[in-house]
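1. Any chance you could fold what I've pasted below:
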Amino acid sequence: QVQLAESGGGLVQSGGSLRLSCEVSGFTLEYLAIAWFRQVPGKEREEVSCISKREGPTHYGDSVKGRFTMSRDNAKNMFYLQMNNVEPEDTAVYYCAADGTLGWATCLPVGAYAYWGQGKQVTVSS
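-> Residues are numbered from 1 along each chain as shown. Below is the predicted model of the structure:
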């Protein structure tokens, strides 16, 4: 059974940095499409970043381009979201996600990811 466990998150000042981690168990990360999403109350889950092919590329939502970096460590079966120059608008619950469907040119639709982390709150103070 595939399980995703998130770590990181918390409170950070505007302009600061934070890193989220997602540990995958039960499957080899290399063969998964992976992604980060975020959600604020009352709004739909928003795509942040994804890697949908074994060799990339990495896609980013317009609101985080140039500030966030998604990476993976296949040897550790973990992937990450490095968040730099954060803004109050980045405040949300962040979720990692994965699915066995590789090969999409962009991110999978949010409803297509079969596996999800528990979510981590990120709060950016102004």
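2. List the contacts of the residue nearest the centre of the chain.
-> What sits nearest the mean C-alpha location of the chain, by CA atoms, centre = their mean, is W36, with 1.9 Å. W36 makes contact with 20, 22, 48-50, 70, 81, 94-97 under the criterion CB atoms under 8 Å, 6 or more residues apart in numbering. In short, each C-beta sits where N, CA and C put it, glycine included.
3. what about it, helix or strand, and which?
-> strand 33-39 (DSSP states H and E).
4. Which element is encountered next along the chain beyond that strand?
-> Downstream of strand 33-39, the first helix or strand assigned by DSSP H and E is strand 46-51.
5. Who does that next one pair with, and is each partner parallel or antiparallel?
-> In the sheet, strand 46-51 lines up against strand 33-39 (antiparallel), strand 58-60 (antiparallel) (DSSP bridges).
6. quick one: which of those is nearest Y115?
-> With CB to CB as the criterion, Y115 lies closest to strand 33-39 of the strands paired with strand 46-51, at 9.4 Å.
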